[in-house]
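Participant: Please find the sequence and the predicted model below.
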Amino acid sequence: MSRLRSWWPGLWRNIVLNTVVSSSLIPVPLRWRLLRAYGADVAPSTISPGVWIGSRRLTIGRGAFINTGCLFSTHAPITIGPRAYLAMRVTVSTSTHEVGPSGARAGALVTAPVTIGAGCWIGANVTILPGVTIGDGTVVAAGAVVTRDCAPNALYGGVPAEKKRDLPVASAPVA
């Protein structure tokens with residue numbers, strides 16, 4: 001019976017969050033409300049079908065757009081700022097492992113939160129690793145792997161992601 005209790009919460013989360021809520025049968029305007037009802041801190045935003053969410057340790061700001069196939073591994077909190085846009089198949093990971101001995105290189109679990117600032121644009125197939133903060137107004141080019149913090153209002157790209165140039169600063173769009 002104790003084994004049943006240990007895997008049941010994870011199964012329930014996957015059924016609710018990653019089958020029902022992420023289903024294309026749920027209208028997009030309803031999805032953020034269901035996530036909020038589940039306990040995530042989600043403002044009115046657009047969350048496409050097929051988004052995988054690890055837990056309720058997720059904050060999504062007003063007017064954010066999360067495209068199909070994004071994956072949020074929430075061993076630690078993830079914060080997505082207002083008007084941030086995440087393209088298809090963005091992976092945000094808040095966990096990794098220490099390097100273990102030769103018999104099992106994936107050692108102890110290490111977690112750290114991730115923050116994506118207001119107005120960011122994260123391109124398709126970007127991977128964001130634990131502990132990263134992406135500054136407001138930053139663009140991360142498709143396919144990049146973000147291993148370190150990104151300055152505000154800059155363009156980053158590559159593996160690992162590096163700053164390519166500064167971006168002009170303009171007033172925020174009307175929400």
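Facilitator: Sure thing, it's come through. Keep in mind the model is a prediction, meaning the values are calculated, not measured.

Participant: how much space between the closest residue to residue 41 other than its chain neighbours and residue 163?
Facilitator: Nearest residue to residue 41, sequence neighbours excluded (Cβ to Cβ, 6 or more residues apart in numbering): residue 59, at 4.2 Å. Any C-beta I mention is one placed from the backbone N, CA and C, and that applies to glycine too. From residue 59 over to residue 163 the distance is 26 Å, taken as Cβ to Cβ, to the nearest Å.

Participant: and residue 36, that's in a helix?
Facilitator: Yes. Counting by DSSP: H, G, I helix; E, B strand; the rest coil, residue 36 is found in a helix.

Participant: Count residues in the vicinity of the residue nearest to it when sequence neighbours are not counted, would you?
Facilitator: Once flanking residues are discounted, residue 36 sits nearest to residue 42: 4.8 Å by Cβ to Cβ, 6+ apart. Residue 42: 25 surrounding residues under other Cβ atoms under 10 Å.

Participant: And for residue 129?
Facilitator: Residue 129: 19 neighbours (other Cβ under 10 Å).

Participant: for the protein, which spans come out with low pLDDT?
Facilitator: Within the chain, the segments meeting pLDDT under 70 span 1-13, 171-175.

Participant: and if we set it to 90?
Facilitator: For the chain, the stretches flagged by pLDDT under 90 are 1-26, 28-29, 37-39, 54-56, 100, 102-104, 106, 170-175.

Participant: Would you agree residue 113 is in contact with residue 78?
Facilitator: Yes. The criterion here is Cβ atoms under 8 Å, and residue 113 meets it with residue 78 at 6.9 Å.

Participant: With neighbour numbers in mind, choose between these two.
Facilitator: Per other Cβ under 10 Å, whichever of residue 113 and residue 78 has more neighbours is residue 78, with 24 against 17.

Participant: Need the phi and psi values for the more buried one.
Facilitator: The phi/psi pair for residue 78 (degrees, to the nearest 10) reads phi -120, psi 130.

Participant: so who does it touch?
Facilitator: By Cβ atoms under 8 Å, 6 or more residues apart in numbering, the contact list for residue 78 reads 57, 58, 59, 72, 92, 94, 113, 114, 115, 116.

Participant: Going by neighbour count, which of these comes out on top?
Facilitator: Top of the contacts of residue 78 by neighbour count (other Cβ under 10 Å): residue 116, with 31 neighbours.
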